[in-house]
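Visitor: Predicted model follows, preceded by the sequence.
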Amino acid sequence: MQNLGERHTGYAAARRTPMAVWYILAAFVGALLGIVFLVVAYPDALSTLGGGPAGNANSAQTYIPESPASSGQPGSDGHSGQPGQRGTEGLSGSLGRSGAFGAPRGGGIADPRAESRRSPAGLIAANEAISTSRRTSIVSAVERAGPAVVSIVATFQMRRRGFSPMFDDPFFGHFVVPRLYTREEPNTGSGVIIDETGYIVTNAHVVQLGDYTARRIRAVLTDGRSLACTLVGVDVMSDLAVLHVEGEDLPVAALGRSDDIMTGEWAITIGNPLGLAVEDAQPAVAVGVVSALGRNFRRQQRSRTVYRDMIQTDATINPGNSGGPLVNAFGEVIGINTFILSESGGSEGVGFAIPIDRVRRVADELIQYGGTRRGWTGLSVIDITEYVAQELNIVNRQGVLVNEIDPDSPADLAGILVMDVIRKINGEAIASYPEAREALYGSLVGDSIELEVERDGRLMPLVLHIAEL
């Protein structure tokens, strides 16, 4: 038992010995950390205690490199001529180390970059740099075109079949027989002032819904003015309308050119999405690019509107943006935002705008005549049926056959002959009479139509000018 106890005691001593060693090591490490702390926290005191030149330390502590905005005059040696700044060569070496590791908290040489950032001159320079970077071409374009954008509120008197709102009674309403009643319904959109006399361009569907035309229209300007509008004219085929307001100092938007639009350039939509700008008079802005040009859409059934040569953009177009401008980076209006293609009902980056040349032509017609004049070609065409193709020995049935031309008509003056086969209209291949009619639908008086005609087996280009009927 005694031997067992001795072995136990020896084992316990062996276990205690490493702990003592760890205590010693911990104390040693603590001492080292204390020394390091003193070196970092109090370098001046340590350098003085160690016999270093305290004067150099003071010079380093008070040295401030001069910035270009400083008022101090340099000395003849290229360094500051202020008194008390000695040992500048040694300071240059210290600046390199200070720039790499940062200045000590208790003293040392200050980082000139940090000082320049904190100084008023540094703050002014930083603010100027930020302002310059923020003032992009997009901002300038919005500042130029934005004031001419208006929010439009059109009020319709609609006839509805059903229960009038006055019969919305939870107890007796279901005993009332449905009937026709009228009520006022608002519709919001956007527009842009194109003339200093007060003419505004917008979409036709903003001020006309089906067979209903707005009874009252007002335009809210960005400066807060709310002006009553007069409806000058509507062109349903091109989905454009012109309004007029009376006012002083009206801002006017600059108009671009359709042939100057480039695919990929900046495109900015400005308008009144979801009717938000009616309350605060400030239109919303969205930025994208011109995604494509010359997009054509077939006319929908029971619709008189046709969209030709549309501008496609991924800039957001929401309900209420209709009629607002599509602007380039110069602040020029290059189109009128009109509709989107969407499966969800919201903007999915596929929006379309009527090109500005078309807008200008239609607006001129509406302002001058109150509507668009009816065009005339004097041209009559038919489908190339199988029977017609066999009788006339026509191999390719794609196109339409000219069967009649009025004397002295635009078609006659263009050089079109009976029995010519029209293959293309404005670069678009024609397969049948409905397609030919669709291609010519919506043409304005004075428009030039490019035709590709086949005659005696040869293709030839002809130009047809639309005349007034």
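Guide: Yes, it's here.
Visitor: Do a quick rundown of the helices in the stretch 351-469 of the chain.
Guide: Assigned helices in the stretch 351-469 of the chain, in chain order: 356-369, 386-392, 410-413, 433-440 (criterion: DSSP state H, counting those that start in this stretch).
Visitor: Include mean neighbour count, distance to E265 and mean pLDDT when you put the ones you listed into CSV, please.
Guide: Bear in mind the C-beta positions are built from the backbone N, C-alpha and C, glycine included. Shown next, in CSV, are the helices of the stretch 351-469 of the chain (neighbours: other C-beta atoms under 10 Å; distance: least, C-beta to C-beta, whole Å; pLDDT from 0 to 100):
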stretch, mean neighbour count, distance to E265, mean pLDDT
helix 356-369, 20, 14, 94
helix 386-392, 11, 46, 90
helix 410-413, 19, 36, 93
helix 433-440, 18, 28, 86
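Visitor: how about JSON lines for the ones you listed, with distance to R218 added?
Guide: Converted to JSON lines, those look like this (distance: least, C-beta to C-beta, whole Å):
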{"stretch": "helix 356-369", "distance to R218": "19"}
{"stretch": "helix 386-392", "distance to R218": "57"}
{"stretch": "helix 410-413", "distance to R218": "42"}
{"stretch": "helix 433-440", "distance to R218": "37"}
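Visitor: quick one: which of those helices is nearest S380?
Guide: Checking the helices of the stretch 351-469 of the chain against S380 by C-beta to C-beta gives helix 410-413 as the closest, at 8.6 Å.
Visitor: what sits against Y387?
Guide: Counting by C-beta atoms under 8 Å, 6 or more residues apart in numbering, Y387 touches no other residue.
Visitor: Could I get the full set of helices for the protein?
Guide: Under the criterion DSSP state H, the chain contains helices at 2-41, 43-49, 54-62, 88-101, 112-118, 120-134, 137-145, 204-207, 277-280, 356-369, 386-392, 410-413, 433-440.
Visitor: Contacts only, for the residue lying closest to S380 once chain neighbours are set aside.
Guide: Leaving aside its chain neighbours, S380 sits nearest to E404 (3.8 Å; criterion: C-beta to C-beta, 6 or more residues apart in numbering). For E404, the residues meeting the contact criterion (C-beta under 8 Å, 6+ apart) are L379, S380, V418.
Visitor: Which of those residues fall within strands?
Guide: Among these, the ones falling in strands (DSSP state E) are L379, S380.
Visitor: and the chain, what are its domains?
Guide: Domains of the chain are assigned by automatic domain parsing as 2-64+88-118, 143-369, 375-468.
Visitor: Pick the most deeply packed of these.
Guide: Most buried of those, by mean neighbour count (mean count of other C-beta atoms under 10 Å): domain 143-369, with a mean of 18.
Visitor: what's the span of it, first residue to last?
Guide: Domain 143-369 has an end-to-end distance of 33 Å (C-alpha to C-alpha, to the nearest Å).
Visitor: i'd like the first residue to be 50 from this point on
Guide: Will do, 50 is the new start, and the previous item becomes domain 192-418.
Visitor: gap between the residue nearest to S429 and R306?
Guide: For E453, the distance to R306 equals 38 Å [C-beta to C-beta, to the nearest Å].
Visitor: neighbouring contacts of stretch 488-508?
Guide: Residues outside stretch 488-508 that contact it (C-beta under 8 Å, 6+ apart): 286-287, 348, 355, 357, 410-411, 414, 421-424, 426, 448, 463, 465-466, 468-477, 479, 509-517.
Visitor: who's in contact with D358?
Guide: By C-beta under 8 Å, 6+ apart, the contact list for D358 reads S307, L342, G343, R344, N345, P404, R407.
Visitor: pLDDT check: weakest of those residues?
Guide: Of all these, N345 carries the smallest pLDDT score, 85.
Visitor: Alpha carbons of stretch 507-518, as PDB, please.
Guide: C-alpha atoms of stretch 507-518 as PDB (Å, rounded to 0.1, in the frame of the first residue of the first chain):
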ATOM      1  CA  ARG A 507     -37.800  41.600-113.800                       C
ATOM      2  CA  LEU A 508     -38.000  43.300-110.400                       C
ATOM      3  CA  MET A 509     -38.000  47.100-110.300                       C
ATOM      4  CA  PRO A 510     -38.300  49.600-107.500                       C
ATOM      5  CA  LEU A 511     -41.100  52.200-107.700                       C
ATOM      6  CA  VAL A 512     -42.200  55.000-105.400                       C
ATOM      7  CA  LEU A 513     -45.800  55.800-104.800                       C
ATOM      8  CA  HIS A 514     -46.800  59.100-103.300                       C
ATOM      9  CA  ILE A 515     -50.000  59.300-101.300                       C
ATOM     10  CA  ALA A 516     -52.300  62.100-102.500                       C
ATOM     11  CA  GLU A 517     -55.400  63.700-100.800                       C
ATOM     12  CA  LEU A 518     -58.700  62.200-101.800                       C
END
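Visitor: for it, what is the average pLDDT?
Guide: Averaged across stretch 507-518, the pLDDT comes to 92.
Visitor: Which residues does M359 form beta bridges with?
Guide: R344 (DSSP bridges).
Visitor: returning to what we had before: the domains of the chain: lowest mean pLDDT?
Guide: Taking the mean pLDDT of the domains of the chain, domain 51-113+137-167 comes last: a mean of 49.
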